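Undergrad: need a structure here:
(2 chains)
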Amino acid sequence: MFTWLSVAASRIQAIFSRRRMDDDFDREVEAHLELFAEESMRRGMTRGEAYREARRHFGGVTQVKEVQRENRGLPHVDTILRDVRYAARMLRKSPGFTLVAILTLALGIGVNTTLFTAFDAVALKPLPVKNPGNVVRMERWFASGNQGNGQYLFSYREYLDYRDHNRVFSSLVAASWLFSALAELPGQHGKLTGQLVSENYFSDLGVNPMLGRTFLPEENRTPGTHPVVVLSYPFWRVQCNRDPQILGKTIRLNDTAFTVVGVTGEQFIGTGNPPQIPDFWAPLMMQAQAAPGQDWLNEPGSRWFQFFGRLNPETGIKQAQAEMIVLARQFEQAHPPADKTIAVTVERATYFGETNTLQFRLFIAMLMLVVGMVLLIACANLANMLLARAANRHKEIAVRLALGAGRGRLIRQLLTESVLLSLAGGAAGLLFSVWASRLLWIGIQQGLQSFLWSKIELVVRLTPDIRVFGYALAVSLVTGIVFGLAPALQSSKRDVSAALKEEGSAFGQGVRKSRLRSFLLAAQVGVSMLLLVSAGLLVRGLLRSETAETGFETRKVFLLYFNYGSDPAKAHELYKRAVGRLETLPEVRHLTLAERPPMSGTWTPPVRVDTREGRTLANHVSSSFFDTLGIPILRGRTFTRQECETEANVAVVSEAAARSFWPGQDSIGKRAKLDMNFRGKWVEFEVVGVAKTVRSANLSRVDPSYFYLPAGTAQLNTILIRTDSDSRNALTPVRTALAALDKDILPSLIMFSLEDGLVQKQRLLAKTYGMFAVMLAVLALALAGVGIYGVMAYSVSQRTREIGIRMTLGATRAEVLKSVIVQGLRPVFIGALLGLAGAAGVSTILKATLVFPGTSDMFFGVSAFDPLTFIGLSCFLGTVALIASAIPARRATKVDPMVALRWE
Amino acid sequence: MDVLQGTLDLMVLKTLDAMGEMHGYGIARRIEQVSEDVLQLNQGTIYAALLRLVQRGWIKSAWGVSESNRKAKFYSITRAGRKQLDTEAKNWARISSVIGRLLQLSTRS
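TA: Alright, predicted model coming up:
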């Protein structure tokens, strides 16, 4: 029954103790023969006779040993091991080739693994909790189709309802959105980031504290009675100086003293979405004290919490989802919301929430495609190098075929070599990616910090895990087979007698083989041309982004955000008082309200002028908008206060809009209709003014068309102020005035200038794209250069004899040089043309998206067929190709005809 | 006379069962003697059978000293081997009786 197991075990064991078992059997056979001989000698034979007799009787000793060896182990594994040993020997014999091949692969695989590491950290790694596999995060889907962070927010009332009525989760955990609180620590004060959590957050997720304890059930029963906090490890390490006596100390948060009861361990980096570690956690019953002025606990529509569920052992995700949909429907029947929830889905909890959306997947797929191209070039390169090598080895291969090796056996041998190479390259690539992904993350991190106004630090783990190792291994194996298969098939096909006879028949070199080589060369030149031109266009855009001017004031204009509280009536009252107070401040030169500040989101309604239809950017602003931002009114006038408060049907249009809708006419007094809700709510506006065209939707392009519509305090809630200087000191009076108005404003107050907060972000984005593209393009160019050089060097060495004959017959060096280079560069030329066509296609597609007025232009207005980029980079690539092929070609012309004829 | 395919394993098992611990040469000699030299083995083939049986866990081996003070590898049957021998022997008896009858039938005149 278990016989086969016993057999397998003993065979596997045999592989590892080959030599010992061989010796063992040798001695056994020897003993056998001697025992036999002894007996024969007892019967009177001579020693020699006896041994001969024994051998005869035994049968062929060597054959018996061979059979024994075969039956003992696993013949397949044995062959593979032998292949590997042989391959390793072959690679050691040509260290130059091996080194170049491994480096090429390391780059190709490394770039891919780096991207995968980032993807893994963002989308695949489970949370740092116990048994993360059955922890899920909930997401709601709105009837309106609204997407974004709001999908992950639920109210405390929902929490109670779902917690008590579901039958699919062994526990349900609520964790609030991160908020900031004014804090006084002993000896310092500032803003801290906090998170309110249900009492089972730590215990049910299986997170143990490093010091002290986490929350107790009674700490979440009654509001406001248990002011305790658990500190995060980074906060404890940096701000508390690793104070071992921290437990029992108090921290004043928004004027309430909280007692520190615990510190989490270094490994716990929060539960993500966004992946940030708060400074402290507090029981959610302490909400009124920790985040005063708001009510997160009683309103059914007050959504502040993310939900995590731990699935019952026997429950699947589908079942949990079905149950949640029912519960959500019941809840909304009891408490009808403004925007209905049509479904609640549960997904395995990872650090980021949005990773299962189509956009994210497309984005990743696009990146994968680009880095995949680099790997493809590396593969083409190696395939070429292997083809060249295989041609040099054709005698060895012919001999092996002649001795009876099967074709399959040879292919396996050759593939073993290429897979061995790719595995070595993969290992090096993995090391490279550990370093590169750190670098990448530091870049992303710095980018985020320089354009996000609050101190947001995203925390992820980049240590390669089993998935990254698996990915690198899989990519290496596939790579090895991809670049090794074609050469292996080619070279094992050789006709035995022809190859053995082929002494010095360099003319007859298989034409088809050189065709495959040319194709591979053309392919990699094409891909690197494509990457090079795309990178070139992005870099031209990057250069322009540095100097692009918005056309309005950005340094002296500040944006103000603060939390008005959750009671709508009171909030509006507070907001109006704040606007009134700020307008009277002497430091505030102008104040305006806007639905959307510049560079932060767009609204692009359909527009109709007479019978023509189109799309335009549009925005609701108050009367002082143009003064505040310093946008000149070229003709007509701006809105009056009256028009703003009544939301009159008048509009100020940008000069570009005026020119495109009323070309050659005066647009003042003309009428245009806008579809206010995308569903046919057409409203007619009369144009009263024309403003200078600026870059307000995004920095990358001048707004194609812009309609400013009037609105007042009833509708608008973003405040923009213009000060006399761009120093942040100018804001101190603003802060004082607001604090005097209501002390709860300060914790949530955010102020930043348009330049720091929004414009820099756009420049940075261009920089990131540009740098990424340049890195890839340089890599691609280097690989293609090596590829061209390798192929040229090989084909020249193959043609030495032919060149020798030509020179004997009177060809000059220049002629030979020309013929070698022209012939070698033909595939380069074809590849470059294809690459240019591809690049033109890509940039045309990107440009086509600009039909939509809100899309940003990655090239910052550089033409899709920018001649400087296309011609310049073609010349550049051409030069590289010329140099790469001229070096080996020159070597060919130095050949002494006599030597050349004797060569081979 | 050549040895029928597969029967050598059975013979080895039975020999070890009857005689206890033996080395390869001993087993080969024993089989030849019992068959009164009707069976002529290439003695080397015994080792393929021994390997098969060891791999299946039916016999085990250990180095020991022969009666003539020579180091040799000794084989002995295991419990699993005895069970296997039992089954195989019954099988053999059945098959040989069937074949016997069959051969008798075919001699019809």
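Undergrad: C-alpha from now on. contacts and neighbour counts both.
TA: Fine.
Undergrad: Pull up the gap between residue B:82 and residue B:20, please.
TA: Residue B:82 sits 12 Å away from residue B:20, going by Cα to Cα, to the nearest Å.
Undergrad: okay, the two: which has more neighbours?
TA: For residue B:82 versus residue B:20, neighbours defined as other Cα atoms under 10 Å in any protein chain shown are more numerous around residue B:82 (17 against 12).
Undergrad: so does the strand or helix carrying that one get close to chain A?
TA: Taking DSSP states H and E as the definition, residue B:82 sits inside helix B:79-105. No - counting by Cα under 8 Å from any Cα of the partner chain, chain A is not contacted by helix B:79-105; separation bottoms out at 9.6 Å.
Undergrad: can you pull the contacts of residue A:470?
TA: Contacts for residue A:470 (Cα atoms under 8 Å, 6 or more residues apart in numbering or on different chains) come out as none.
Undergrad: got the residues of chain A near chain B?
TA: Checking chain A against chain B by Cα under 8 Å from any Cα, the hits are A:3-4, A:6-7, A:10-11, A:28, A:31-32, A:35-36, A:57-61, A:64, A:67-68, A:71-72.
Undergrad: Can you report how many residues neighbour residue A:98?
TA: Residues near residue A:98, counting by other Cα under 10 Å: 17.
Undergrad: I figured it hits residue A:92, correct?
TA: Yes - applying Cα atoms under 8 Å, one finds residue A:98 in contact with residue A:92, separated by 7.5 Å.
Undergrad: Where does pLDDT dip in the stretch 251-400 of chain A?
TA: Scanning the stretch 251-400 of chain A for pLDDT under 70 picks out A:353-359.
Undergrad: Over to the stretch 401-550 of chain A?
TA: A:443-458, A:494-514.
Undergrad: so where do the strands sit in it?
TA: Counting by DSSP state E, counting those that start in this stretch, one finds no strands in the stretch 401-550 of chain A.
Undergrad: Could you do chain B as well?
TA: Assigned by DSSP state E, the strands in chain B fall at B:22-23, B:59-65, B:71-77.
Undergrad: Is it possible to get TSV of the ones you listed that adds mean neighbour count and distance to residue A:390?
TA: Formatted as TSV, the strands of chain B follow (neighbours: other Cα atoms under 10 Å in any protein chain shown; distance: least, Cα to Cα, whole Å):
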stretch	mean neighbour count	distance to residue A:390
strand B:22-23	22	52
strand B:59-65	16	49
strand B:71-77	22	49
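Undergrad: Check the stretch 751-900 of chain A for the residue nearest chain B and tell me.
TA: residue A:794 (51.8 Å; Cα to the nearest Cα).
Undergrad: Now do the contacts for that residue.
TA: Residue A:794 neighbours (Cα under 8 Å, 6+ apart): residue A:388.
Undergrad: what about it, distance to residue A:800?
TA: On the measure of Cα to Cα, residue A:794 and residue A:800 end up 10 Å apart.
Undergrad: is it true that residue A:689 lies in a helix?
TA: No - the assignment for residue A:689, made by DSSP: H, G, I helix; E, B strand; the rest coil, is strand rather than a helix.
Undergrad: Please look at it and residue A:626 and confirm they touch.
TA: No - applying Cα under 8 Å, one finds residue A:689 not in contact with residue A:626, separated by 11.2 Å.
Undergrad: secondary structure element for residue A:67?
TA: Going by DSSP H and E, residue A:67 is part of helix A:61-72.
Undergrad: Next SSE downstream of that helix?
TA: helix A:75-93.
Undergrad: buried sites along stretch A:366-383?
TA: Using 16 or more other Cα atoms under 10 Å in any protein chain shown as the test for burial, stretch A:366-383 gives A:368, A:370-383.
Undergrad: How about stretch A:478-497?
TA: Counting neighbours by 16+ other Cα under 10 Å, the buried set in stretch A:478-497 is A:479-492, A:494, A:496.
Undergrad: what residues does that stretch touch?
TA: Against stretch A:478-497 from outside (Cα under 8 Å, 6+ apart): A:379-380, A:382-384, A:386-387, A:390-391, A:394, A:397-399, A:401-402, A:407, A:410-411, A:414-415, A:418-423, A:513.
Undergrad: Excluding chain neighbours, what is closest to residue A:626?
TA: Distances taken as Cα to Cα, 6 or more residues apart in numbering or on different chains place residue A:632 nearest to residue A:626, at 6.8 Å, with adjacent residues excluded.
Undergrad: cool, residue A:762 as well?
TA: residue A:699 (6.4 Å).
Undergrad: Run a quick neighbour tally on the one you found.
TA: Residue A:699: 26 neighbours (other Cα under 10 Å).
Undergrad: With residue A:94 instead?
TA: Residue A:94, neighbours per other Cα under 10 Å, totals 10.
Undergrad: What distance do you get for it to chain B?
TA: Separation of residue A:94 from chain B (Cα to the nearest Cα, to the nearest Å) stands at 42 Å.
Undergrad: Please apply the same query to residue A:103.
TA: 45 Å.
Undergrad: for that residue, what are its contacts?
TA: Contacts of residue A:103 by Cα under 8 Å, 6+ apart are A:425, A:428.
Undergrad: can you rerun that using 10 Å?
TA: For residue A:103, the contact set (Cα atoms under 10 Å, 6 or more residues apart in numbering or on different chains) comprises A:97, A:109, A:110, A:378, A:422, A:424, A:425, A:426, A:428, A:429.
Undergrad: thinking again about what came up before, roughly how far apart are the residue of the stretch 751-900 of chain A closest to chain B and residue A:524?
TA: Residue A:794 is 17 Å from residue A:524, by Cα to Cα.
Undergrad: How about residue A:228?
TA: Counting by Cα to Cα, the gap from residue A:228 to residue A:524 is 62 Å.
Undergrad: Repeat that for residue A:410.
TA: For residue A:410, the distance to residue A:524 - Cα to Cα - is 28 Å.
Undergrad: which one of these two has more residues nearby?
TA: Of the pair residue A:410 and residue A:524, residue A:524 is the one with more neighbours under other Cα under 10 Å, namely 32 against 20.
Undergrad: So which bits of chain B are right by chain A?
TA: B:23-26, B:28-29, B:40-58, B:63, B:66-68, B:70-74, B:80 (Cα under 10 Å from any Cα of the partner chain).
Undergrad: Are any of these buried, and if so which?
TA: If we count by 16+ other Cα under 10 Å, those have these buried: B:23-26, B:28, B:41-58, B:66, B:71-74.
Undergrad: Which helix runs longest in chain A?
TA: Longest helix of chain A, by residue count under DSSP state H: helix A:407-451.
Undergrad: what does the model give residue 46 for pLDDT?
TA: Went with chain A since none was named. Looking at residue A:46, its pLDDT is 89.
Undergrad: try chain B instead
TA: 88.
Undergrad: List the single closest residue to it in space, sequence neighbours excluded.
TA: residue B:28 is the one closest to residue B:46 (Cα to Cα, 6+ apart), at 6.7 Å.
Undergrad: what's the answer for residue A:226, then?
TA: residue A:219 (5.5 Å).
Undergrad: Next, count neighbours for that neighbour.
TA: 20.
Undergrad: List the contacts of it.
TA: A:198, A:199, A:225, A:226, A:227, A:228, A:282, A:283, A:284, A:285, A:286.
Undergrad: State the distance from the second one to chain B.
TA: To chain B, residue A:199 is 59 Å away according to Cα to the nearest Cα.
Undergrad: So that residue sits against residue A:226, correct?
TA: No - between residue A:199 and residue A:226 there is no contact under Cα atoms under 10 Å: 11.4 Å.
Undergrad: who touches both of those two?
TA: With Cα under 10 Å, 6+ apart, residue A:199 and residue A:226 have common neighbours A:215, A:216, A:218, A:219, A:220, A:282, A:283, A:284, A:285.
Undergrad: Please list only the buried members of these.
TA: A:215, A:219, A:220, A:282, A:283, A:284, A:285.
Undergrad: Skipping adjacent residues, who's closest to the last one in space?
TA: The spatial neighbour of residue A:285 that comes closest, neighbours along the chain excluded (Cα to Cα, 6+ apart), is residue A:223 at 4.5 Å.
Undergrad: What's the local residue count around that neighbour?
TA: Considering only other Cα under 10 Å, residue A:223 is surrounded by 16 other residues.
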